[in-house]
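Q: okay, structure incoming, though there's no sequence with it:
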């Protein structure tokens, strides 16, 4: 058999395998966006919905670009459990928000003993009552540019401020810093916000004053910082937080966004 005949035979086998796939069912895959493609066209070609495609990739608009790699979820996952392949920057908390399930349920479904996951890892996502719920985006503009040292500084502040608080509270503390960066009334960088001195000569964050900001960040605080930088904002745009028992009339007079653990978050 010559090389050309072998090539034709391989091509026919590949085409036959595609034909034999059940209609509307697509195997999990990675798709590289080509010029002119849209989420709608890509979803149709894999037999999935646009919402499934958005959720699997953490996309909250229809904007995609040539060369972008998209994870294609199982096409038969609607209504039951599905499979998700972990991407760089993912955390269990962020994945849970994408699919409308708790990160504890993902841990249980996969027999995980810790919150540590790694890129390429396949996770079973249990069916949720609110499948498709997306992370609350930071409502004050696009993503914040940051360096490795900025990330470490944000994680150290979260550790110093909220080490004994719940995970979602830790994410909320990080989100407040990022909301300030984008607000226009605070410095426009993470270090600028964290080390800001107000008109009275006071630091904005007590850990900067007492030196706790210099303590190493905890692993959970680092994951919380990453979620906040990825756009998760449990406060929906808050600019301030304080321990709820603190008798500060100015802070307590501001509109309340939410109360998480020991902290009140305000605008």
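A: Thanks, I have it. The shown structure was predicted, so the numbers you read here are calculated from the model rather than taken from an experiment.

Q: contacts, neighbours, all on C-alpha from now
A: Noted.

Q: which stretches in the stretch 151-267 of the chain count as helices?
A: 167-183, 190-194, 206-210, 219-229, 249-252 (DSSP state H, counting those that start in this stretch).

Q: residue contacts, residue 165?
A: Neighbouring residues of residue 165 by CA atoms under 8 Å, 6 or more residues apart in numbering: 261-262.

Q: ok, it to residue 69 distance?
A: Distance from residue 165 to residue 69, counting by CA to CA, to the nearest Å: 36 Å.

Q: where do the helices sit along the stretch 1-150 of the chain?
A: Using DSSP H, counting those that start in this stretch, the helices of the stretch 1-150 of the chain run over 3-19, 39-46, 50-57, 92-99, 103-110, 148-162.

Q: how about the ones you listed in TSV, adding mean neighbour count, mean pLDDT and distance to residue 73?
A: TSV is the format used below for the helices of the stretch 1-150 of the chain (neighbours: other CA atoms under 10 Å; pLDDT from 0 to 100; distance: least, CA to CA, whole Å):
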stretch	mean neighbour count	mean pLDDT	distance to residue 73
helix 3-19	10	44	17
helix 39-46	16	81	9
helix 50-57	20	76	6
helix 92-99	24	76	12
helix 103-110	16	89	16
helix 148-162	21	97	30
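
Q: so the chain: which segments form each domain?
A: Structural domains assigned to the chain are 24-125, 148-266, following automatic domain parsing.

Q: what about the residue nearest to residue 207 when sequence neighbours are not counted, neighbour count?
A: Counting by CA to CA, 6 or more residues apart in numbering, residue 207 lies nearest to residue 213, which is 5.0 Å off, once chain neighbours are set aside. A total of 23 residues lie near residue 213 under the criterion other CA atoms under 10 Å.

Q: then residue 237?
A: 23.

Q: compare the domains of the chain and say which comes out lowest on pLDDT.
A: Ranked by mean pLDDT, these bottom out at domain 24-125, with a mean of 77.

Q: chain center to it: distance?
A: Remark: domain 24-125 is offset 12 Å from the chain centroid, using CA atoms, centre = their mean, to the nearest Å.

Q: again with stretch 227-242
A: Centroid separation for stretch 227-242 versus its chain: 12 Å, with CA atoms, centre = their mean.

Q: what about that stretch, start to end distance?
A: Across stretch 227-242, first to last residue, CA to CA, it's 21 Å.

Q: likewise for stretch 213-233?
A: End residues of stretch 213-233 are separated by 22 Å (CA to CA).
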